[in-house]
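> predicted coordinates and the sequence they were generated for:
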Amino acid sequence: MIFPPALQSSAPVTPRPTTPLPFASVKAQYKWSFKGAEGSGSGTLALLLEPVRGKLVLEVFSYGDRLALVDGDPEHGYQYVLPKEQVNRTVPALSDLPLPLLPQVGSVEALARALALGDGLVVDQRDALGPVKLTYAGQDSAGNPIEVHLTRKRWEPAK
């Protein structure tokens with residue numbers, strides 16, 4: 001299995017309203033790896049986040065193949081495409097997306113906080129820009145444990 005089943009988090013990531021994000025948008029790229037009962041995999045995760053607008057573009061690659069594409073905002077919904085599974089759907093909210101490589105989040109701001117500040121994730125290594133190595137442990141839809149590791153390779157914020 002190249003793409004893990006959806007994770008179920010015991011506690012959703014919620015934004016910390018007292019800490020403003022230091023950017024209006026960010027382009028980021030991560031190396032990802034996971035292991036679970038149904039197998040393991042690795043690849044690249046590329047993101048464009050605009051927390052104020054709720055805009056998200058996310059691509060998941062493994063061995064040169066695009067496994068997933070997510071594009072959307074709260075006004076128009078979030079379209080997700082899983083080419084290998086011939087899935088092309090739009091959901092009204094980010095929390096409705098099956099994002100197996102990240103914890104369940106309710107907004108793009110919460111996802112930005114998870115990646116920029118480590119909210120809801122275990123931060124294994126930091127540098128001056130923030131978390132470099134992140135770990136997330138959750139469960140797949142069958143209740144089996146899955147562990148995901150993210151390593152930041154690129155972080156380009158815009159003010």
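Sure thing, it's come through. Residues are numbered from 1 along each chain as shown.
> which residues does Phe34 bridge with?
Partner residues in beta bridges with Phe34: Gly41, Val148, with DSSP bridges as the criterion.
> wait, it touches Pro145, no?
No. Phe34 is beyond contact range of Pro145, at 10.9 Å (criterion: Cβ atoms under 8 Å). Any C-beta I mention is one placed from the backbone N, CA and C, and that applies to glycine too.
> those two: which has the busier surroundings?
When Phe34 and Pro145 are compared for neighbours, Phe34 comes out ahead with 22 against 12, by other Cβ atoms under 10 Å.
> need the contact list for Pro22.
With contact set as Cβ atoms under 8 Å, 6 or more residues apart in numbering, Pro22 has these partners: Ala116, Pro157.
> separation between it and Arg113?
In this structure, Pro22 and Arg113 are 11 Å apart, going by Cβ to Cβ, to the nearest Å.
> ok, now Asp140?
To Arg113, Asp140 is 24 Å away according to Cβ to Cβ.
> please apply the same query to Lys153.
20 Å.
> what residues sit buried inside stretch 49-67?
For stretch 49-67, a neighbour-count test (16 or more other Cβ atoms under 10 Å) marks 49-51, 54-56, 58-62, 66-67 as buried.
> one step back: neighbour-wise, which of Asp140 and Arg113 wins?
Arg113 (22 against 17).
> that one should be in a helix, yeah?
Yes. Going by DSSP: H, G, I helix; E, B strand; the rest coil, the assignment for Arg113 places it inside a helix.
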